[in-house]
Structure formats: structure tokens, C-alpha cells
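>>> this one's sequence-less:
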């Protein structure tokens, strides 16, 4: 492997950021300042290359400390990990939260995605930019969804330093966003996670019953409310017994694909190749999705316990949480929960004295929607660009680091706890025959009480919107987020199940429900969805790379020709949409046309 380094030199601060993660360098080859001529050979080359998975944490370390990643800093990190700088540059430029160009130490991310756009984020951005000015020492960036849709419009301020400081302002105003950027430490605290759960405190809840009831920082409080009873039952059942319970419960993945969880676990557990890995996908970047954030902020120990059970069942001893980079409070809560669990023997070499070893590591994403796809997520953790892999082989055979891997999202994993505490038959009795258990729904937009709602599968869309207080003059409801589809106000009797939404010609997805009244301009909404997919396409395959651009161009032409015939451009949209759906490598390209198609066919968006 040829390693061609540039002439850039790291500053002392950049060296310190990398060394804090990797430890001091041991040779001049790694960048140590030594007089002996030890550059004639590379020490520990293979060992260093096996640490390539530390590339993403290393980029975070630099970006957090300095605010951007210089050529010298990138070169120093590459020397430490024996990674070609050209490859590392490709990784650094893949993520929206990193910059390889100089920028101010403070970055203010303003969400301009669907819920925030409907709440006036565009006009607010203009006001913020006017207030701060081009030389205000703050970089104002229009951002995709920040996962704060129940408090739209939202802003996230990040000030580089040691330590990095963050401030979330939601719902925000021009004044509040400017304060968050100018003085992150003085910004008001975020409201508790329970504020995102209108049903908080309802004893009939299953997945959300502890949010707002239990102190999320207290392991003792968690255990006093039933915590770790599920893990004790798991040890009593044994790995095969746990998988049998999950299979009998009918639990299906809650991330959108709805694959049977028990089958996935069994397929991984039966693989002779070791080690096995468990990955929790907490990179919920679908516009309108924020349920995983609320769980991690309001009940973090539930995720730790559920991951421990899943790992025990599949024979894994190492787990990873791939967490959205835009979730600073969830990061703090999880880090604290993991530290407490280790200190109390609930993670580590001998969990609960059962002789079973397991630990969890957090890996932060950095603003890439595509990393929600499981194989793109694996590539990201391994230190490569977050591009999806072709299947087969499937992750249960060759996943993270080429080993058998189970990947589940947060909501799927926390469903494991009630399955083990109440038993598979009781769990399966909730919901419908083909969609069992409770489901979390992220409701935002034109409703009086936006937030996370827990309902059994089978409740109708109308019942959910009634709970959320849907407003008058409803124009449309978007199910499944940007990758989902629109339904009309006269279709609110659709049952919220995997099979019910499919039969209605739409999708449940991950549980996004966004309501829009007639004050929201539908063509502009569709254009924002197209912009989102164009920006988030990883560019690996031609149908998606080109198709998302052509889709956006056609929608721009339609929007600019107000009142003119849009038939030709709609025909182009259909042709491009079919090509993306049939030929894209992964779900991003395959679903990029769904919302636009449904708006044209069900809502008559351009009639």
C-alpha cells in the first residue's frame, strides 16, 4: 500500500486531539517528534491498519476540538492509522457535519426539513443570517432533519473546543438561535424527554411507561421500576430459549423493513464463524423520526439491557450503538448509562455473575442519512465511506468486520424487554395476527400535540391523529417520512399495521406521521423531499445518483412554470422513478420517488 502524504503539518492542538483518542505515537512513522532515523520502516503496519475503524472517531476528535479538519490534521491521523490520505479524505467529505475547509469554531445548524419548513424555518434562517452577518464568527448551515420535529422549528449550535459545547434550541426563534450560537453555555436547558410523550405517565403504556416516571440518570430508579428483570429471565431461558420467545412473539423490525427479528437472531446465532457482533442502529435520520432519541434520552438503561439480552442470544460479546451525531443529549445519557452499568457488573466480563461477557461502544455518525442502511452503517463503523454493500452475503453471514452480525434499531430492541417479562403469548396477543405488539408513532406537523405516541398495531390513522389533536383544513398526511407516501384526509380509516398500510398502497415505514393543513404549499414540500434525496444519495449507483438529480430538476421546472402544463415533466418523473425503484442498490434510491408519486396520484398535486 502506497501512502502519499502532503506537506501539511498538524498544529499542536490537532496533534493533541488525535493523541487523546489514540495515545501518543510510538515512532516517527506515526508522527512522533524524534531524532532517530526510524522512518526506514513502518512499525506495526498491520496492527495499525486493523485500527482503521478508529478513523471516524478520529475525525470527530478533530472536528470537535478544532471545528474543521485541515490537511495536516488529516495526514497526522492517517499516519497514526496507516490509512491512505486520499481514502480518509473521501471519508471526511462524505459526512455533512465535517468540513475540510476552514470555518468558524461555532456552527449553527438550522433544520429546514419538512416539519421545520412547515413551521417557518426558511424565513427564520434568513433572519438569523441577517443578525449574525457574514463575519459574525458563526457558520450558519441549513440542515436536514435534526430529529426534533415535535419542537419545530429547531436549531443545534456546536462550538468546537476541549470540550466541545452544544446547545439545542427548539422550538427556536431568531433570538434564541443567535443566543445558542453566541453563548452555548447560557442557552436554556432542553425540556425533559417526557415532554415529547403526550401520554407520559399512562400506566397502560408498555415501551414508554418509564419515560417521565424514572430518572434517566439513575440505575437504581430503573431497577426499582422493573429494570433488569428481563435480563434475569433471559439467563434462566438460555440463548436458544430467548430466541424462541422472540420468534413466538412475532416481533418484526421497527425500522421500516419489518423483517422477523427471531429469524434474524437465529440465523446469526447458528453461524459457525466467530466473533458475532450486535449493532444498534440509532441513526434515525428519516425526516419526521425522533422516537429513538426520546427512548435514549428518557430511558437509556432500557436500551443497554435490551442490547445485553440480544447479544446473549446470538453469542456476541461486543456491541455497538451507532448514534446520530445530531443527538448530543442522547450521547451524554447513553455514556452515563454505560458507565454505571459497567460499574455495577451489568456490563463487562461477568454480567450478573453468569460468566457472560459483553460490552457496548458508542460510535457517532456525522450527518449521513444513508448510514441508516445496515451495510452502509457497517462500512461507516469500519472507517470507510458509508456506502451500501451488495447482497448477498447478508449481514447474518458477513456483516460488521466480515463477521455474523445482528443489526436492529432502538425501538425493535426495547420491545425485547416486555416480550421476556410478560411472555411471548401475551405480547403476541397485542396488535394483530401479522403485526404484533405495540408501535411507536412520531406525529408532527399540523397537530396540537406533536410527539411520540404508543398504540397497539391495528389502531387507525384517524384515531392516532385524534389523540394528537389534528387541526382543521387537513390537506394531507405523510406516512413513513420522506421515503413514505401521502394519503388524503378521507383515508384516515387506514389501519396502522404493516399489512394494512401495504393494502392501502402506502407504507408504515418507521412510524412517521406528518400532518399538513392547507397553509402548507404542497409543491414546495415535494421539492424539499427531492432536495433531501439528491443531497443524501451516496452516489455509488447511477440510478440513484442521476435519478435524484433529475427528479429535483423536473420538480423545479414544474414549480417555476406556475399554471403551465406539467404533463411532460410528470412523465419524466415517472420514468426516472421507475428506474430508481428497479435498479438502485439500496432502499434510498428505491424509495426516493414514493412520496412524489403518491402526491401526484393520490392528492393531484399538480392538477
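Structure received. In this text, all values refer to a predicted model and were calculated from it rather than measured experimentally.
>>> Would you map the strands across the stretch 1-150 of the chain?
With strands called from DSSP state E, counting those that start in this stretch, the stretch 1-150 of the chain shows them at 106-111, 138-143.
>>> Can you tell me which of those is most buried?
strand 106-111 (a mean of 26; mean count of other Cβ atoms under 10 Å). To be clear about C-beta, it is placed using only N, CA and C from the backbone, and glycine gets the same treatment.
>>> what mean pLDDT does that one have?
For strand 106-111, the mean per-residue pLDDT is 96.
>>> Who are the packing partners of that strand?
Packing partners of strand 106-111 (3 or more Cβ pairs under 8 Å, 6 or more residues apart in numbering; DSSP states H and E): helix 121-132, strand 138-143, strand 155-159, helix 174-182.
>>> List the contacts of the third one.
Contacts to strand 155-159, defined as Cβ atoms under 8 Å, 6 or more residues apart in numbering, come from residues 105-111, 128, 143, 146, 164-170, 172, 176-177, 180-181, 184, 187, 326, 328.
>>> Pull up the pairing partners for the very next helix or strand once past it, direction included.
Downstream of strand 155-159, the next assigned helix or strand under DSSP states H and E is strand 165-169. The strands that strand 165-169 pairs with in its sheet are strand 155-159 (antiparallel) (by DSSP bridges).
>>> if we can go back for a sec, quick one: closest of the helices and strands packed on strand 106-111 to residue 312.
Shortest distance between residue 312 and the helices and strands packed on strand 106-111, using Cβ to Cβ, is found for strand 155-159: 35.8 Å.
>>> tell me the angle the closest one makes with strand 138-143.
Calculated by axes from the mean of the first three to the mean of the last three Cα atoms, to 10 degrees, strand 155-159 forms an angle of 140 degrees with strand 138-143.
>>> when you compare where strand 155-159 runs with where helix 174-182 runs, what's the angle?
Orientation check (the same axes, to 10 degrees): strand 155-159 against helix 174-182 gives 20 degrees.
>>> got a list of what residue 513 touches?
Residues near residue 513 by Cβ under 8 Å, 6+ apart: 288, 441-444, 461, 464-465, 468, 477-479.
>>> you'd agree it is in a strand?
Yes: Residue 513: assigned to a strand according to DSSP: H, G, I helix; E, B strand; the rest coil.
>>> what pairs with it across the strands?
Assessed by DSSP bridges, residue 513 has beta-bridge partners residue 443, residue 479.
>>> Next one, pLDDT for residue 37 please.
47.
>>> Likewise for residue 47?
As predicted, residue 47 sits at a pLDDT of 65.
>>> From the contacts of residue 513, list the buried ones, please.
Among those, those classed as buried by 16 or more other Cβ atoms under 10 Å are 288, 441-444, 461, 464-465, 468, 477-479.
>>> how about TSV for these, with distance to residue 244 and pLDDT added?
Compiled in TSV, the buried ones among the contacts of residue 513 are given as follows (distance: Cβ to Cβ, whole Å; pLDDT from 0 to 100):
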residue	distance to residue 244	pLDDT
288	35	94
441	29	97
442	32	97
443	35	97
444	38	96
461	34	97
464	33	97
465	38	97
468	37	97
477	38	96
478	38	96
479	33	96
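>>> quick one: which of the residues you listed is nearest to residue 380?
Closest to residue 380 out of those is residue 288 (22.4 Å), distances taken as Cβ to Cβ.
>>> The closest residue to residue 416 other than its chain neighbours: neighbour count?
Excluding its sequence neighbours, the residue lying closest to residue 416 (Cβ to Cβ, 6 or more residues apart in numbering) is residue 306, at 4.7 Å. Look at residue 306: counted by other Cβ atoms under 10 Å, it has 25 neighbours.
>>> on that earlier part again, out of the helices and strands packed on strand 106-111, deepest packed?
Stretch with highest mean neighbour count among the helices and strands packed on strand 106-111: strand 155-159 (a mean of 27; mean count of other Cβ under 10 Å).
>>> between the helices and strands packed on strand 106-111, which gets nearest to residue 219?
The nearest among the helices and strands packed on strand 106-111, by Cβ to Cβ, is strand 155-159 at 28.4 Å.
>>> tell me which strands and helices the helix or strand encompassing residue 466 is in contact with?
Residue 466 belongs to helix 461-468 when assigned by DSSP H and E. Packing partners of helix 461-468 (3+ Cβ pairs under 8 Å, 6+ apart): strand 438-445, strand 451-456, strand 474-479, strand 512-517.
>>> how about 7 Å then?
Helix 461-468 sits against strand 438-445, strand 451-456, with contacts defined as 3 or more Cβ pairs under 7 Å, 6 or more residues apart in numbering; DSSP states H and E.
>>> Show me which of those strands has the highest average neighbour count.
Buried most deeply of those, by mean count of other Cβ under 10 Å, is strand 438-445, with a mean of 25.
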